[in-house]
Each structure stands twice: as C-alpha cells, then as structure tokens.
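>>> Provided below are the primary sequence and the corresponding predicted coordinates.
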Amino acid sequence: MESADRGYESRVIKSFKHNGSLHRMWLENWQVPEDRLYPGQSSGQAWILINEYTKIVEGNGREWISRVPAVSFFLPERWYNVVALIGEDGIRYYCNLASPPYRYEHVLTYIDYDLDVVVLPDGTMLELDREEYVHHKQEYRYGKAVEERINQGLQSLQAAIAGKHFPFDDNLVLFYYEQWKRHRKAEEEGKAP
C-alpha cells in the first residue's frame with residue numbers, strides 16, 4: 001500500500017529463524033524514500049524504515065503493540081541490522097545479528113541469528129542472547145560459513161558502535177523520525193507536499 005505523502009511506502013518486516021520458521025513480524029513501517037535521505041546517503045547504504053506503535057506478531061501468534069517509535073536501518077550486505085528506539089530517556093540502539101535484508105514487493109525479510117547487541121543512551125554496550133545463539137547454532141546447524149559471517153558481522157558492528165559510525169548518531173535518527181512525523185501531520189491535515 002503506497003502512501004499519499006510523496007514516496008513513503010508501507011512495508012511489512014518479517015524475521016525468520018535459520019530453519020525457515022517465522023520469528024516476528026512488524027506490520028506497519030514506512031520506508032524513507034530516496035529523495036528524503038540525509039544528504040550524502042543513498043538507499044544502497046541502508047534501507048531506512050520508521051514505525052510508531054505498530055502491531056507486532058510473534059512466531060507463536062502472540063500480538064502486541066510497540067511502545068516507542070523506532071527508526072530501523074537495514075544494511076545491504078551486512079550481517080546485522082540496527083533499530084534505534086526513541087524513548088523518553090534517550091535513544092537505545094537494538095542491534096540484531098542477522099542475514100543481509102531481502103525485499104520483495106512491500107515485504108522486507110531477514111534471518112535472525114539470536115545474538116544481539118544493545119547500546120544504551122549513556123553509550124554502554126551490552127551483548128545479549130549468546131546462550132540462545134549457541135543453542136540454535138547446534139539445533140539449526142548453521143554451518144561454518146554462516147558462523148564466520150555472524151562473527152565478522154559482530155566485529156563490524158562493534159567497530160561501528162565504538163567509532164560512532166553510521167547509523168549510530170542520535171541526530172540522524174531524530175532527523176528521520178521528525179521528518180516523517182511532519183509529513184504524517186501534513187497528510188492528516190490534507191497538506192502533504
């Protein structure tokens with residue numbers, strides 16, 4: 001479903017496990033169009049999607065609504081993605097070790113490999129779910145090539161976080177979110193550019 005606000009398009013995000021089972025779906029996300037990317041960025045660098053209080057469906061069918069706005073960065077050819085969660089106490093970056101994203105029609109998909117890194121608003125970096133990763137690595141038989149890519153993705157991600165490289169920039173996250181909010185408001189008022 002295409003929005004009337006000049007290029008923001010609705011997308012569904014689906015994450016799967018290595019065995020092909022559905023992990024999670026985010027039902028309403030808006031992709032930032034090429035002409036609204038921050039100067040110097042391109043869609044070849046990242047597909048950027050925004051959501052706010054979207055319905056999320058877990059692989060087991062449980063549904064819930066996200067509590068905070070999010071700006072997600074899907075990086076073609078990278079083995080991780082980054083979700084910037086905009087909270088009252090600042091921006092928290094939730095990073096998923098995952099396959100590179102794939103798009104078809106209005107759906108963006110990736111394989112979630114359990115291992116996560118969270119960057120708190122004060123800059124503290126935490127690794128999460130190592131035990132789940134080890135368990136699924138054996139259960140789903142990731143194989144040496146997948147394991148190497150995940151480890152390389154983790155090293156690349158940690159370097160980007162430490163160097164505060166793209167997309168770990170609170171001002172950039174707020175730029176995308178506020179730009180989208182302005183367009184949504186203009187659309188509601190019937191003044192979308």
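Noted; the coordinates are in hand. Residues are numbered from 1 along each chain as shown.
>>> Nearest residue to the middle of the protein?
Nearest residue to the geometric centre of the chain (C-alpha atoms, centre = their mean): residue 72, 3.3 Å.
>>> my read: that residue touches residue 84, true?
Yes. With contact defined as C-beta atoms under 8 Å, residue 72 and residue 84 form a contacting pair (7.4 Å). C-beta: built from backbone N, CA, C; applies to glycine.
>>> ok now the lowest-mean-pLDDT helix or strand in the chain, how far from the chain's centre?
Across the helices and strands of the chain, the lowest-confidence element by mean pLDDT, DSSP states H and E is helix 130-139, at a mean of 91. Taking C-alpha atoms, centre = their mean, to the nearest Å, one finds the center of helix 130-139 at 22 Å from the center of the full chain.
>>> what helices or strands is that helix leaning on?
strand 107-119 (3 or more C-beta pairs under 8 Å, 6 or more residues apart in numbering; DSSP states H and E).
>>> what comes up buried for the strand it packs on?
For strand 107-119, burial by neighbour count (16 or more other C-beta atoms under 10 Å) applies to 108, 109, 110, 111, 112, 113, 114, 115, 116, 117, 119.
>>> and that strand, which strands flank it?
When pairs are called by DSSP bridges, strand 107-119 turns out to pair with strand 9-16 (parallel), strand 90-98 (antiparallel), strand 102-104 (antiparallel), strand 125-128 (antiparallel).
>>> Run through the protein and note the low-pLDDT ranges.
The chain contains residues with pLDDT under 70 at 1-6, 191-193.
>>> the strands in it, which residues?
Secondary structure of the chain (DSSP state E): strands at 9-16, 22-31, 47-51, 55-58, 63-65, 70-74, 80-87, 90-98, 102-104, 107-119, 125-128.
>>> mind putting these in CSV, distance to residue 171 included?
Putting the strands of the chain into CSV (distance: least, C-beta to C-beta, whole Å) gives the following:
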stretch, distance to residue 171
strand 9-16, 24
strand 22-31, 20
strand 47-51, 14
strand 55-58, 27
strand 63-65, 27
strand 70-74, 12
strand 80-87, 11
strand 90-98, 10
strand 102-104, 27
strand 107-119, 15
strand 125-128, 19
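>>> Thank you, goodbye.
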